[in-house]
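K.L.:
Let's see this in three dimensions:
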Amino acid sequence: MLDYFDMESTLSEEERMLVDSARSFIDGEVEDIGQHWIDGTFPMDLIPKMGEMGFYAPNLEGYGLPGVSERAYGLLMRELEACDSGLRSMASVQGALVMYPIHAFGSDEQKEEWLPKLGTGEAVGCFGLTEPEHGSNPSAMETMAEPDGDEFVLNGSKTWITNSPIADVAVVWAKDHGAADTPVRGFLVETDRDGVTTNKIDEKLSLRASITGEIS
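P.N.:
You can find the predicted model right below:
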């Protein structure tokens with residue numbers, strides 16, 4: 001990788017170690033990524049291996065997470081992206097779009113249930129915002145959440161969702177029709193629940209080695 005601004009010389013010991021470990025992982029563990037790109041598949045065996053390396057949300061603390069700096073996290077994503085966008089997308093969605101919202105806003109029960117499993121790669125998460133008719137525009141969102149006792153019933157569809165076909169849990173964004181002004185809220189939805197489907201999208205032109213799908 002060309003380093004036009006000599007960033008390598010500015011790395012701290014922690015950052016240097018994370019960059020080196022990512023490069024060693026890619027050199028030693030990532031095989032045939034070009035063939036996965038051609039086939040439109042993801043190397044599933046890497047999911048737990050990246051968990052062992054601490055690649056999922058390493059900038060968070062607690063629940064077995066390393067708590068590295070934000071810059072170190074960015075450098076890690078740079079190294080994964082240099083290998084393949086699908087590899088980086090798997091890690092960044094799992095960490096920044098699934099684990100971070102749970103870590104920041106989830107209940108203690110949700111944190112204890114999901115963060116350790118997501119951190120090791122035992123479980124996979126996805127982030128359900130983008131919709132077929134409106135893209136990633138929360139103000140135009142059609143997915144709705146209706147209160148039902150102590151729970152909610154969600155109705156709607158999402159598309160172009162990284163990891164959804166292999167996800168165990170989805171962070172789904174919906175308009176709360178039980179509250180004034182129907183605010184947008186996030187809901188944790190286990191994908192094995194009745195009524196949840198996560199169909200895979202095939203024949204993409206980009207991010208081909210990333211598993212992408214829908215949530216309905």
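
K.L.:
Next up, the contacts around Ala57.
P.N.:
Neighbour list for Ala57: Leu65, Gln94, Gly95, Ala96, Met99, Tyr100, His103, Leu118, Gly119 [criterion: Cβ atoms under 8 Å, 6 or more residues apart in numbering]. Placement of C-beta: from N, CA and C, glycine included.

K.L.:
tell me the secondary structure for it?
P.N.:
Three-state assignment for Ala57 (DSSP: H, G, I helix; E, B strand; the rest coil): coil.

K.L.:
how much space is there between the residue nearest to it when sequence neighbours are not counted and Leu76?
P.N.:
With Cβ to Cβ, 6 or more residues apart in numbering as the criterion, Ala57 has its nearest non-adjacent residue at 3.5 Å, and that residue is Gly95. Using Cβ to Cβ, to the nearest Å, one obtains 9 Å as the distance from Gly95 to Leu76.

K.L.:
intersection of neighbour lists for these two?
P.N.:
Common contacts of Gly95 and Leu76 (Cβ under 8 Å, 6+ apart): Phe55, Pro58.

K.L.:
Rounded mean pLDDT for the longest helix along the chain, please.
P.N.:
Assignment by DSSP state H gives helix 13-29 as the longest helix of the chain. Average pLDDT, helix 13-29: 92.

K.L.:
and the next element down the chain from it?
P.N.:
helix 33-39 (DSSP states H and E).

K.L.:
CA atoms of that next one as PDB?
P.N.:
The C-alpha atoms that make up helix 33-39 are tabulated as PDB, following Å, rounded to 0.1, in the frame of the first residue of the first chain:
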ATOM      1  CA  ILE A  33     -10.900 -13.600  -2.200                       C
ATOM      2  CA  GLY A  34     -10.800 -13.000  -5.900                       C
ATOM      3  CA  GLN A  35     -12.800 -16.200  -6.500                       C
ATOM      4  CA  HIS A  36     -15.300 -15.200  -3.800                       C
ATOM      5  CA  TRP A  37     -15.700 -11.900  -5.700                       C
ATOM      6  CA  ILE A  38     -16.400 -13.700  -8.900                       C
ATOM      7  CA  ASP A  39     -18.800 -16.200  -7.300                       C
END
